[in-house]
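Q: sequence and predicted model, in that order:
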Amino acid sequence: MKIHFILLGVSVALISGCQKKNTELDPVYNPLSGVYSGEITYVSLDDDGNVNPDYPIETHAVNFEIDGAKFNRPECGCAGAISVDEIQGTTLFTSSDKACEDQGSANGQSWSFTNDIMGKFKFKIHGDTLNLSSISGSTKNPASLHKQIVAIRQSF
C-alpha cells in the first residue's frame, strides 16, 4: 500500500507539470554593446579650456568590449560596469579593482593614465563608429586632461 501512495504522488507531480524551470535573466539592453578597437587621444587643456602647448597630444590604441551593463578590456584584464543615458547622450564607465594603464608617455612625460575609459563621457554612435568625449572632472585623471576615444565596433 505504501508503494501505491508513492506512485500516486509521482504520477500527480508528472501530470501537474511540477518541474524545475531554468530561468535566465534577460540581457540588459545597451545600444553600445559590441567589441571595439580604436584609439584614445589625450589632450591637456589650460585654464581657459584651450590646448596647453606645454604638453604633447598623445594617442594610444585601446580595445574594449561592452556587453549590456558590463565592459571589459581584455588586453589588461580590467573590467567594470557601464550605464548609458540615451536621452542625455552620456555613458558612465565604473571600474573593478584592477586598473589598466597604457604604455606611458611617448614623449617622456610623467603622466600615468589609469583605466583609460573610466569616468563619464558624451557619446555619439554612427553606424559602427563610437565617439566618446570625456566630461571634465568626471574621470580619474586631472580635470585639465581631456580624453577622446574613437573606436570601431568589430562585432556584437
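A: All right, it came through fine.

Q: low-confidence ranges in the chain?
A: In the predicted model of the chain, residues 1-26, 96-117, 139-143 satisfy pLDDT under 70.

Q: quick one: the strands in it?
A: Along the chain, the stretches classed as strands by DSSP state E are 34-44, 58-67, 70-73, 78-85, 90-95, 119-126, 129-134, 145-155.

Q: helices or strands next to the third one in the packing?
A: Taking 3 or more Cβ pairs under 8 Å, 6 or more residues apart in numbering; DSSP states H and E as the contact definition, the neighbouring helices and strands of strand 70-73 are strand 58-67, strand 78-85. (Glycine included, C-beta is placed from N, CA and C.)

Q: now distance to residue 28 and mean neighbour count too, for the strands of the chain, in JSON lines please.
A: JSON lines is the format used below for the strands of the chain (distance: least, Cβ to Cβ, whole Å; neighbours: other Cβ atoms under 10 Å):
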{"stretch": "strand 34-44", "distance to residue 28": "14", "mean neighbour count": "18"}
{"stretch": "strand 58-67", "distance to residue 28": "9", "mean neighbour count": "18"}
{"stretch": "strand 70-73", "distance to residue 28": "8", "mean neighbour count": "19"}
{"stretch": "strand 78-85", "distance to residue 28": "9", "mean neighbour count": "17"}
{"stretch": "strand 90-95", "distance to residue 28": "13", "mean neighbour count": "18"}
{"stretch": "strand 119-126", "distance to residue 28": "17", "mean neighbour count": "16"}
{"stretch": "strand 129-134", "distance to residue 28": "18", "mean neighbour count": "19"}
{"stretch": "strand 145-155", "distance to residue 28": "17", "mean neighbour count": "17"}
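
Q: between those strands, which gets nearest to residue 27?
A: Of all these, strand 58-67 sits nearest to residue 27, with 8.0 Å by Cβ to Cβ.

Q: helices or strands up against the closest one?
A: Using 3+ Cβ pairs under 8 Å, 6+ apart as the test, strand 58-67 ends up in contact with strand 34-44, strand 70-73, strand 145-155.

Q: just want the angle from that strand to strand 145-155.
A: Put simply, strand 58-67 runs at 50 degrees to strand 145-155, going by axes from the mean of the first three to the mean of the last three Cα atoms, to 10 degrees.

Q: strand 58-67 pairs with which strands?
A: strand 34-44 (antiparallel), strand 70-73 (antiparallel) (DSSP bridges).
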